[in-house]
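S.K.: when you get a sec, could you give me coordinates for this:
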Amino acid sequence: MSRSERLLALLQVLRRHRRPVSAQTLAAEMGVSIRTLYRDIASLQAQGAGIEGAVGVGYVMKPGFMLPPLMFASEELDALVLGMRWVADRGDRTLANGALSTLAKIAAVLPPDLRRELQESALLIGAGKEIPLHAVAPDLLRAAIRQQSKLQIAYSDGAGTNTQRTVWPFALVYFDQARVLMCWCELRNGFRNFRADRITEVALLGVRYPKSRQELLKAWRRSQTMNGQTILPEIDSS
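M.R.: Residues are numbered from 1 along each chain as shown. This next block holds a predicted model:
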């Protein structure tokens with residue numbers, strides 16, 4: 001285990017303990033000497049880790065401490081790079097810019113060896129099928145979900161039938177060839193899915209729907225669970 005990986009593991013161990021834990025206990029869990037444990041604690045504190053305590057008292061992690069990017073393990077960096085590159089390649093312009101900006105910010109605070117590992121990652125995104133053009137900006141759909149606001153939408157289904165709906169959007173699903181808005185539909189009094197590229201008009205009503213998006217997502221999962229497996233409902237055509 002490299003030193004950076006050991007420091008990361010120590011942070012994770014501290015997170016599991018809600019009360020002060022002795023250096024002896026930490027050293028035993030980490031498989032290191034007491035001297036090495038004290039040195040690692042001092043290094044983490046110098047880097048800004050919210051670790052409180054002292055020799056003979058024990059150590060505890062302050063609530064709300066966020067793991068600094070420089071402590072990413074190699075596998076975590078691989079996952080981060082691959083995910084951000086997928087978003088940059090397959091997301092809309094706002095998300096793509098956000099992904100590239102995120103990678104740049106993380107690279108700026110990584111130590112040199114991990115920065116090179118991130119920048120020279122050999123994990124690439126293959127060419128995908130073209131995503132249909134959207135008449136409505138995905139930013140607006142995401143904003144409605146964040147605000148838990150009702151939407152008025154004009155929708156054209158696969159048969160070309162046009163309808164007006166008032167919906168409660170609670171999730172946006174990203175498939176390779178389509179984006180799907182998951183909603184509670186007031187017209188059908190039930191859960192419905194709408195392909196984002198078939199939504200021709202949208203108005204943010206500024207009215208908060210009566211349930212939280214977490215409640216709606218849980219209710220949808222319960223309604224779709226069959227034999228212990230969650231099945232994505234079909235796109236609305238009614």
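
S.K.: would you list the phi and psi of the residue nearest to the spatial centre of the chain?
M.R.: In the chain, the centroid-proximal residue (CA atoms, centre = their mean) is residue 83; its distance is 10.0 Å. The phi and psi torsions at residue 83 (degrees, to the nearest 10) take the values phi -60, psi -50.

S.K.: from residue 106, how far out is it?
M.R.: Distance of residue 83 to residue 106, computed by CB to CB, to the nearest Å: 12 Å. To be clear about C-beta, it is placed using only N, CA and C from the backbone, and glycine gets the same treatment.

S.K.: likewise for residue 161?
M.R.: According to CB to CB, residue 161 stands 46 Å off from residue 106.

S.K.: what about the two, which has more around it?
M.R.: Neighbour totals were compared for residue 161 and residue 106, and residue 106 leads with 19 against 10 (other CB atoms under 10 Å).

S.K.: surely that one touches residue 119?
M.R.: No. Applying CB atoms under 8 Å, one finds residue 106 not in contact with residue 119, separated by 10.6 Å.

S.K.: what residues go with each domain of the protein?
M.R.: Domain assignment of the chain by automatic domain parsing yields the ranges 3-67, 71-119, 138-230.

S.K.: what segments of the protein are strands?
M.R.: 51-54, 58-61, 149-156, 162-174, 179-185, 190-195, 199-208, 225-226, 229-230 (DSSP state E).

S.K.: quick one: closest of those to residue 30.
M.R.: strand 58-61 (12.0 Å; CB to CB).

S.K.: if we ignore the residues flanking it in sequence, what's nearest residue 14?
M.R.: Among residues not flanking residue 14 along the chain, residue 61 sits closest, at 4.4 Å (CB to CB, 6 or more residues apart in numbering).

S.K.: residue contacts, that neighbour?
M.R.: Residues in contact with residue 61 (CB atoms under 8 Å, 6 or more residues apart in numbering) are 11, 14, 15, 17, 49, 50, 51, 52.

S.K.: adding distance to residue 37, write those out as JSON lines.
M.R.: Output for these, formatted as JSON lines (distance: CB to CB, whole Å):
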{"residue": "11", "distance to residue 37": "13"}
{"residue": "14", "distance to residue 37": "11"}
{"residue": "15", "distance to residue 37": "16"}
{"residue": "17", "distance to residue 37": "14"}
{"residue": "49", "distance to residue 37": "14"}
{"residue": "50", "distance to residue 37": "18"}
{"residue": "51", "distance to residue 37": "12"}
{"residue": "52", "distance to residue 37": "16"}
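
S.K.: what segments of this protein are helices?
M.R.: Ranges of helices within the chain are 3-16, 23-30, 34-46, 74-90, 93-109, 112-119, 138-147, 213-224, based on DSSP state H.

S.K.: in TSV: the ones you listed, plus distance to residue 183 and mean pLDDT.
M.R.: Listed next are these as TSV, based on distance: least, CB to CB, whole Å; pLDDT from 0 to 100:
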stretch	distance to residue 183	mean pLDDT
helix 3-16	37	84
helix 23-30	47	92
helix 34-46	45	90
helix 74-90	23	91
helix 93-109	20	89
helix 112-119	37	85
helix 138-147	10	94
helix 213-224	8	91
